[in-house]
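Student: Got a predicted structure plus its sequence, pasted below:
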Amino acid sequence: MLIRKAEFVCSNTRVDKLPPATLPEYAFIGRSNVGKSSLINAMLGKKGLAKTSQKPGKTQLINHFIVNDEWYLVDLPGYGFAKTSKANREAWEKFIRRYLTQRDTLQCIFVLIDSRLEPQKIDIEFCCWLGENGLPFMLAFTKADKQSAVKSDMNMAKFRRSLGEYFEEIPPCFLTSAELKTGGERILETIADVNTR
Ligand code: GTP
Ligand code: MG
């Protein structure tokens, strides 16, 4: 997909304040610091569009970006940020889960997984929650540049195997690196396919 235009639209803490649900929408979610905002910037070819940080917990709001005036890409706050309070975590959960279950135009959720790690319980549980709620999702493994391709493949295979304990069908998986700007194009092609369906 050719990115002709990518712009920030708004940040929100409230589901009822989101931009009108008129365009197909895709959300990026995953653990804090997994690289959601970085992958969005790499994919859209615009450094600094989504705010990134070395410290986890940078993205705190639902951030809408409009691409080619045709569809929304949404950057969400990360889950599993240990340093935040229990009350904060619960508020996050409620707000994000409400967004994910109520946004009618949400076409697909991309769950980002750190390709350096063995399957993490929190990621598997989150995928299971999506499955239980009938929400379509795909997996984007991040930070592929940080280790060998063999290691990334091994961790992806392990993750798929773990998911296989709960799902009959494993969703599509993408291996990405925001640093090398790889993998994003395949995600964009998938989005283009869904948009023209
Ligand atoms: P929160 O908003 O806090 O949930 O984090 P996030 O998931 O949006 O992560 P973010 O994009 O802010 O990136 C976190 C850190 O990981 C930053 O220091 C990035 O530079 C780094 N990072 C992200 N993607 C990659 C990647 O593909 N390769 C490498 N080497 N570093 C990356
Ligand atoms: Mg972020």
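Tutor: All right, it came through fine. Ligands and ions are numbered 1, 2, ... in the order given.
Student: So Ser32 sits against Gly57, correct?
Tutor: Yes: applying Cβ atoms under 8 Å, one finds Ser32 in contact with Gly57, separated by 5.3 Å. Heads up, the C-betas are built off the backbone N, CA and C, glycines and all.
Student: Same drill for those two, tell me which one is more crowded.
Tutor: In terms of neighbours (other Cβ atoms under 10 Å), Ser32 is the more surrounded of Ser32 and Gly57; the figures are 19 against 16.
Student: List the contacts of stretch 92-107.
Tutor: Residues from elsewhere that reach stretch 92-107, judged by Cβ atoms under 8 Å, 6 or more residues apart in numbering: 13-15, 18, 21-27, 29, 62, 72, 76-77, 79, 84, 109, 129-130, 133, 135-136, 191, 194-195.
Student: Contacting ligand 2 as well, which ones from the residues you listed?
Tutor: Subset of those in contact with ligand 2: empty, counting by Cβ under 5 Å from the ion.
Student: Got a quick PyMOL command for the buried subset of the residues you listed?
Tutor: The following PyMOL selection, which keeps only the buried ones among these, applies the criterion 16 or more other Cβ atoms under 10 Å:
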select buried, resi 18+23+24+25+26+27+29+62+72+76+77+79+84+109+130+135+191+195
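Student: Among the contacts of stretch 92-107, which lie within helices?
Tutor: Under the assignment DSSP state H, those contribute 129-130, 191, 194-195 to helices.
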